[in-house]
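Asks: A structural model of the following input is requested.
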Amino acid sequence: MASICSNRNVQKAYETAEKADDSKGMAMAADKLGKYTRCDQVDEDQLPWDQLIPPNFEPSTDISILGFKHDPHLDEKTAKMKRKYMPEAEDVEAEMVE
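Replies: Numbers count the residues shown, from 1 in each chain. The predicted structure is shown next:
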């Protein structure tokens with residue numbers, strides 16, 4: 001169920017109050033919009049974006065890092081799955097469509 005106090009509904013209420021020249025309604029809608037978008041709150045602590053260091057990921061083909069055991073028959077199983085789920089594709093002639 002969607003919230004009654006959605007951004008769209010509050011903006012619609014503001015526009016309706018503006019058309020009716022209802023300054024009290026406009027103020028109430030603006031207040032709700034400010035609370036909905038949290039513009040009425042001061043940011044507690046700004047993140048030090050210039051001090052954040054991105055993680056360093058080292059790519060690897062070793063599956064034991066993730067806790068999996070190496071399967072010596074993996075190539076055979078892969079070929080069997082490909083035969084089962086990906087039958088051979090046929091080449092077809094392409095023709096230009098104008």
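Asks: low pLDDT regions in the protein?
Replies: Along the chain, segments meeting pLDDT under 70 span 1-5, 40, 43.
Asks: switch the cut-off to 90
Replies: 1-50, 56-66, 70-71, 74, 81-98 (pLDDT under 90).
Asks: for the chain, what spans make up the helices?
Replies: 7-19, 23-36, 74-85 (DSSP state H).
Asks: ok, and for the first one, which residues are buried?
Replies: Think helix 7-19. 9, 10, 13, 14, 17 (16 or more other Cβ atoms under 10 Å). In short, each C-beta sits where N, CA and C put it, glycine included.
Asks: still on that earlier bit, out of the helices of the chain, which is closest to residue 91?
Replies: helix 74-85 (17.8 Å; Cβ to Cβ).
Asks: can you name every helix or strand that that closest one contacts?
Replies: With contacts taken as 3 or more Cβ pairs under 8 Å, 6 or more residues apart in numbering; DSSP states H and E, helix 74-85 sits against no other helix or strand.
Asks: how far does it sit from the chain's center?
Replies: What separates the centre of helix 74-85 from the centre of its chain is 33 Å, taken as Cα atoms, centre = their mean, to the nearest Å.
Asks: can you check stretch 20-30 too?
Replies: Using Cα atoms, centre = their mean, the offset of stretch 20-30 from its chain centre is 35 Å.
Asks: ok, and what's touching it?
Replies: The set of residues external to stretch 20-30 that reach it, using Cβ atoms under 8 Å, 6 or more residues apart in numbering, is 10, 11, 13, 14, 16, 17, 18.
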